[in-house]
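**Q** With the input below, show me the fold.
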Amino acid sequence: MDGLEFANPDIFRDDRKGAPEIILAATKTVEQCLAIAQRFLQMRGRAILSRVPPELEARLREEFPTEPHPDDPQQA
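**A** Residues are numbered from 1 along each chain as shown. Take a look at the predicted model:
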């Protein structure tokens with residue numbers, strides 16, 4: 001395992017398969033998703049999540065603030 005008791009993220013999947021692992025948020029708690037995302041950000045500089053509920057989206061934006069992207073309608 002990768003130090004997370006509740007998940008075994010495939011941090012280097014993109015090196016082997018050509019596409020990174022996507023974190024399926026719908027099957028995890030907010031805290032679990034945040035921990036996995038943090039691990040991906042530390043190791044690879046990015047984290048991709050799918051099926052993100054509004055509560056998790058808010059926490060992700062809070063925990064990992066970024067500069068607004070000019071094409072993001074939510075940031076306008």
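
**Q** Tell me which stretches of this structure form strands.
**A** Along the chain, the segments classed as strands by DSSP state E run 23-24, 49-50.

**Q** how far does the last one sit from the chain's center?
**A** Counting by C-alpha atoms, centre = their mean, to the nearest Å, strand 49-50 is centred 7 Å from the centre of its parent chain.

**Q** one step back: indicate which one of the strands of the chain is closest to Pro65.
**A** Nearest to Pro65, of all the strands of the chain, is strand 49-50, at 16.1 Å by C-beta to C-beta. The C-beta positions use only the backbone N, C-alpha and C, and glycine is treated the same way.

**Q** Summarise which helices and strands the closest one is packed against.
**A** Secondary structure elements in contact with strand 49-50, counted by 3 or more C-beta pairs under 8 Å, 6 or more residues apart in numbering; DSSP states H and E, are strand 23-24.

**Q** helices and strands around the lengthiest helix in the chain, which ones?
**A** Longest helix in the chain by number of residues (criterion: DSSP state H): helix 30-44. With contacts defined as 3+ C-beta pairs under 8 Å, 6+ apart, helix 30-44 has these neighbours: strand 23-24, helix 54-63.

**Q** Recalculate using a threshold of 10 Å.
**A** helix 13-17, strand 23-24, strand 49-50, helix 54-63 (3 or more C-beta pairs under 10 Å, 6 or more residues apart in numbering; DSSP states H and E).
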